[in-house]
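S.K.: Have a look at this prediction, sequence included:
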Amino acid sequence: MFCRLCLLVQDAYGMFGEVQLQSPGSADDVQQYCSRWEGKFCCLAGMKILQRTTRGRTLGLFSLIDSLWPPVVPVKVPGQSQDSEMMTTNLPPPSFCYILTVQPGEIRVEVDEEEQISNLYQPPAVHGLKEILQTKHSVPLNQREIWLFVTDSTLQNVAHVTPKVVAVSVTASCVLSTEITEALSVASRRVFFKDALWGHGRIICVERTVLLLQKPLLCSAAGADLSELTGPVRLDELDSTTQTNSICALRGTVVGVNESTAFSWPTCNRCGNGKLEPCPQDRELLYCNRCSEVVSSPVLKMQLEVFLSCPSRSQSTVKVKLLQRTISSLLTSSANEDGSYEVQSVLGKEVGLLNCYVHSATSHPNCVALEEIVLLEAAAGR
């Protein structure tokens, strides 16, 4: 609900500061400032120091600063003339950073948008997910988040030594533009995560992270594989290393049915409405309020959880909640003449390969709870 524009600035002495400006209006306006201001020389006036923060207090900010260190050009040495030799190597990374804000009524930031890109500027380097997996960072956890699962050609085209999919945690402090929100909710798109963190086995998007559908401006490819995926996305199969809040592929044999959670309900064959009511004129018929018509041929939907015996996790109890299409396929081959089925007729049936989300994976007791999902085709990420 709140969006604030922040600038990370660096001076000729190598000193960093974060300038917190007023709300630009929306996340979409932030993108415009990025394209106009990033990499340009600026003059700050009327600034007020909010705090002098350290690495231990703002781990996310210093993770970003570390990615820009050492400077690409020699820095000036405080207390020495500009003619003195400037330091170029063996510079210790900054241990503190000033957080600045604007004094009311004062001039804020002057940027000459016609100027060339400053030689202090380091353009974003694009890395494939395989390279990102080798990065080591310690970052804070945030409990309020949404999850994305991404892959790219650097993971899909290698052996089992690396996972085929990487989890992305988008915390509540990360501002998403309308373009990104719509793209993530409607269809699979190639996404670039700029100034994201890596830690706890996943990419973490925080308040300083920018999500883009195009490569960041002035970026360097850094040898990254930017090729499109050429086939369907493949997941790692369920095994002893599979963790909670991950996705995996699953195959196995039905050894049981969770009858306590199994149920069915009629839906409208026109609009799919699952909340049908008895028809006022004939209580034996069903009525759809959404279509304002009697449902003469309702479609029966079912919820079904089964227990599987999986060779890849033979010592575990594996429970999976199936999608409607898998339920239909399983029951169609097991149905009696009147359309009903018995549990015994389902046992021993082979299912898979299913794409699943892992709700829980515990060792005491040794069990895994999964839910079948549908992957968006040609999913990709950077």
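M.R.: Received the coordinates, thanks.
S.K.: Now Leu100: which helix or strand?
M.R.: strand 96-102 (DSSP states H and E).
S.K.: Show me what that strand is packed up against.
M.R.: Strand 96-102 sits against strand 16-20, strand 47-54, helix 59-67, with contacts defined as 3 or more Cβ pairs under 8 Å, 6 or more residues apart in numbering; DSSP states H and E. Where you see a C-beta, it was placed from the backbone N, CA and C, and this is true even at glycine.
S.K.: Distance to Ser188 and mean neighbour count added to the ones you listed, as TSV?
M.R.: Output for the helices and strands packed on strand 96-102, formatted as TSV (distance: least, Cβ to Cβ, whole Å; neighbours: other Cβ atoms under 10 Å):
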stretch	distance to Ser188	mean neighbour count
strand 16-20	34	18
strand 47-54	38	13
helix 59-67	28	18
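S.K.: and the strand holding Leu100, which strands flank it?
M.R.: strand 16-20 (parallel), strand 47-54 (antiparallel) (DSSP bridges).
S.K.: Counting neighbours, what do you get for Cys3?
M.R.: The local packing of Cys3 (other Cβ atoms under 10 Å) involves 15 other residues.
S.K.: Quick check: it touching Tyr33?
M.R.: No: taking contacts as Cβ atoms under 8 Å, Cys3 lies outside contact range of Tyr33: 11.3 Å.
S.K.: rewinding a little: lowest average confidence across the helices and strands packed on strand 96-102, which one?
M.R.: Note on the helices and strands packed on strand 96-102: helix 59-67 shows the lowest mean pLDDT, a mean of 85.
S.K.: how far out from the middle of the chain is that helix?
M.R.: 20 Å (Cα atoms, centre = their mean, to the nearest Å).
S.K.: Which neighbouring elements make contact with it?
M.R.: For helix 59-67, the packing partners by 3+ Cβ pairs under 8 Å, 6+ apart are strand 96-102.
S.K.: Next SSE downstream of the strand it packs on?
M.R.: Next along from strand 96-102, by DSSP H and E: strand 109-111.
S.K.: chain center to the helix or strand just after that next one: distance?
M.R.: Where DSSP H and E defines the elements, the next helix or strand beyond strand 109-111 is helix 129-132. In terms of Cα atoms, centre = their mean, the centre of helix 129-132 is found 15 Å from the chain centre.
S.K.: Would you mind checking the average pLDDT for helix 129-132?
M.R.: 80.
S.K.: Check which helices and strands it is in contact with.
M.R.: helix 153-156.
S.K.: chain center to the helix it packs on: distance?
M.R.: 17 Å.
S.K.: try stretch 206-225
M.R.: On Cα atoms, centre = their mean, the centre of stretch 206-225 falls 15 Å from the chain's centre.
S.K.: Please spell out which residues along that stretch are buried.
M.R.: Judged by neighbour count (16 or more other Cβ atoms under 10 Å), stretch 206-225 contains these buried residues: 206, 208-212, 215-216, 219, 224-225.
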